[in-house]
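> sequence unavailable; structure follows:
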């Protein structure tokens, strides 16, 4: 291969330079590198908040590339057609990308790889979005893991390669191909006025992600296991946002956590377990892609969940169920694009059990609202809490929001942070909800907080009765 023949690297959800196997290998060849992002059929399908966050990731990554003498070429259209045309225009034969694991991305990538190969190009995919490729982790019987704990035991002592540092320079091509303008794509448009609210809370880009990891390890990892369930506290890493967009590599996070563990930091092992929980999601979506759209356990197909998006579902989306901890979590998501994990379990249980609504309703709403949205993690999380998924919470485990509030928000700090109607002096986050939510909802901080939309005890009894009759 002539040393001046460029390599096209197709970026999707891997917007970083460090801990990026495809970049490391491309730099090793000493050939020109053309970084490309395509707003293709998969990216076009993203919900409002993920699409907004995608735009921020693209902008930050382009700025990072320019620091090392490169740039991000932007194109919109069918991925195969765009890559084929770029390869013809630039003389590139090698087209590389980081593997994805959700069914839509896999279908696209297989088709692209097959067609490019037939046309004489050399497509190649690399690891980088997961610690362990799903097909390299198996039970003693050779199957895939359906329960998390044995998977953790199987991988916890595995060697994880040390992440490669970011290159200091990327060799440019002799001529850069034309690029579209990010602003013309209007990726923030679906967010409407909520975009300026999300701007306050997003942590965008590789440098910010690495700083976030360092800050967590230095200041909060010791208390992670003990304090991570308290939504009013800054007790988690919040790296889900950056991992979702590949602004930090999972190997970088693993090694930082492992160093802390070897130093005797109390919460480090539990932090590593949560990183492997993320791996479990990719493992499952790779082996059983139905998890993203249908009950993982087929015996739940006849469960009497309602698919009707009625007034009750609207109130759940609005954070106006009259159950303060549920509403605070829903409003946190609408304001910040993030929801504390304890909140995710509580609102999911409330929707699927107290309200007897299908988990797909919640899955799709989270897909619209989360800036850390990840197709595998979102699907597994909803099926876990609903009871229909692998290693799921037993259906009869029904989170009582009032009991949960007493355990994890006894002083109502979290509730008052996000529900203006319940605070004598509403903080910025509580007031921001009314600036971010659709005008069509006609909500105001002066509105009276609603009475509970259902009796928690009765909701629990109805859920258990439905379970017995399924």
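Received, thanks. As the structure is a computational prediction, the values presented were derived from the model and not from experiment.
> now do stretch 237-252, average pLDDT.
Stretch 237-252 comes out with an average pLDDT of 98.
> show me how far it is from its chain's centre.
9 Å (CA atoms, centre = their mean, to the nearest Å).
> and for residue 267, the neighbour number?
22 (other CB atoms under 10 Å). Glycine gets a C-beta too; all of them are placed from N, C-alpha and C.
> skip the chain neighbours and tell me the closest residue to it.
residue 224 (3.1 Å; CB to CB, 6 or more residues apart in numbering).
> who are the packing partners of the helix or strand hosting the one you found?
Assigned by DSSP states H and E, residue 224 belongs to helix 224-227. Applying 3 or more CB pairs under 8 Å, 6 or more residues apart in numbering; DSSP states H and E, one finds that helix 224-227 contacts helix 268-287.
> quick one on the thing from earlier: measure the residue nearest to residue 267 to residue 341 for me?
The gap separating residue 224 from residue 341 is 12 Å, by CB to CB, to the nearest Å.
> identify the contacts common to these two.
Counting by CB atoms under 8 Å, 6 or more residues apart in numbering, the common neighbours of residue 224 and residue 341 are residue 236.
> and for the residue nearest to residue 267, the neighbour number?
Neighbour tally, residue 224, other CB under 10 Å: 23.
> hang on, the earlier thing: can you tell me what sits against the helix or strand that the helix holding residue 224 is followed by?
Per DSSP H and E, the first helix or strand lying C-terminal to helix 224-227 is helix 240-244. The contact list for helix 240-244, computed with CB under 8 Å, 6+ apart, reads 13, 53, 202-203, 208-209, 212, 248, 250, 253, 278, 337-338, 371-374, 377.
> distance from the helix or strand of the chain with the lowest mean pLDDT to the middle of the chain?
Within the chain, no helix or strand scores below helix 456-469, which has a mean of 91 by mean pLDDT, DSSP states H and E. Chain-centre distance of helix 456-469: 31 Å, with CA atoms, centre = their mean.
> okay, buried residues for it please.
Using 16 or more other CB atoms under 10 Å as the test for burial, helix 456-469 gives 456, 459, 460, 462, 463, 467.
> in contact with the fifth one, which residues?
Shown here is residue 463, whose contacts under the criterion CB under 8 Å, 6+ apart are 353, 354, 356, 395, 398.
> just the first one next, same as before
The contact partners of residue 456, by CB under 8 Å, 6+ apart, come to 323, 354, 400, 401, 402.
> please name every helix or strand in contact with the longest strand along the chain.
Scanning the chain for the longest strand, with DSSP state E as the assignment, gives strand 33-39. For strand 33-39, the packing partners by 3+ CB pairs under 8 Å, 6+ apart come out as strand 7-11, helix 21-29, strand 73-76, helix 79-90.
> most tightly packed of these?
Mean neighbour count (mean count of other CB atoms under 10 Å) peaks for strand 7-11 among these, with a mean of 25.
> tell me which strands it pairs with, and in which orientation.
Sheet pairing of strand 7-11 (DSSP bridges) gives strand 33-39 (parallel), strand 94-98 (parallel).
> next one: it to chain centre, how far?
23 Å.
> same thing with stretch 354-369?
Taking CA atoms, centre = their mean, one finds the center of stretch 354-369 at 16 Å from the center of the full chain.
> still on that earlier bit, list just the nearest of the contacts of residue 456 to residue 445.
Distances from residue 445 to these, taken as CB to CB, are shortest for residue 323 (18.7 Å).
> so where do the helices sit in the stretch 151-300 of the chain?
Assigned by DSSP state H, counting those that start in this stretch, the stretch 151-300 of the chain shows helices spanning 182-185, 195-198, 206-219, 224-227, 240-244, 250-262, 268-287.
> tell me which of those lies nearest to residue 8.
Here helix 182-185 is closest among the helices of the stretch 151-300 of the chain (CB to CB), at 19.0 Å.
> residue 252 versus the closest residue to residue 318 other than its chain neighbours, what's the distance?
Nearest non-adjacent residue to residue 318, counting by CB to CB, 6+ apart: residue 441, 6.0 Å away. Taking CB to CB as the measure, residue 441 falls 40 Å from residue 252.
> which one's more surrounded, these two?
residue 252 (20 against 12).
> does that one touch residue 213 like I think?
Yes. Using CB atoms under 8 Å, residue 252 is in contact with residue 213, at 7.0 Å.
> ok, and for the helix holding residue 224, which residues are buried?
The neighbour-count check on helix 224-227 (16+ other CB under 10 Å) flags 224, 225 as buried.
> what's in contact with that helix?
Contacts of helix 224-227 (CB under 8 Å, 6+ apart): 220, 233, 235, 236, 237, 266, 267, 268, 270, 271.
> neighbour-wise, which of these leads?
That'd be residue 271 among the contacts of helix 224-227, by other CB under 10 Å, with 26 neighbours.
> test my guess that that residue contacts residue 221.
Yes. Counting by CB under 8 Å, residue 271 does reach residue 221; the two are 6.0 Å apart.
> what sits in contact with each of the two?
The contact lists of residue 271 and residue 221 share 237, 257, 260, where a contact means CB under 8 Å, 6+ apart.
> re the thing from before, widest-spaced pair of the contacts of residue 463?
354 and 395 (12.5 Å).
> who has more neighbours, those two?
Neighbour totals were compared for residue 354 and residue 395, and residue 354 leads with 26 against 19 (other CB under 10 Å).
> now do the contacts for the more buried one.
Counted by CB under 8 Å, 6+ apart, residue 354 has contacts 398, 454, 456, 459, 460, 462, 463.
> using JSON lines, please lay out these together with distance to residue 163.
Output for the contacts of residue 354, formatted as JSON lines (distance: CB to CB, whole Å):
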{"residue": "398", "distance to residue 163": "41"}
{"residue": "454", "distance to residue 163": "49"}
{"residue": "456", "distance to residue 163": "46"}
{"residue": "459", "distance to residue 163": "47"}
{"residue": "460", "distance to residue 163": "46"}
{"residue": "462", "distance to residue 163": "50"}
{"residue": "463", "distance to residue 163": "45"}
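> returning to what we had before: distance of the residue nearest to residue 267 relative to residue 340?
Going from residue 224 to residue 340 by CB to CB gives 13 Å.
> any shared contact partners between the two?
With contacts taken as CB under 8 Å, 6+ apart, residue 224 and residue 340 have residue 236 as neighbours in common.
> for stretch 362-378, how far is the first residue from the last?
With CA to CA, to the nearest Å as the measure, the ends of stretch 362-378 fall 10 Å from one another.
> check which residues of it are buried.
362-363, 365-378.
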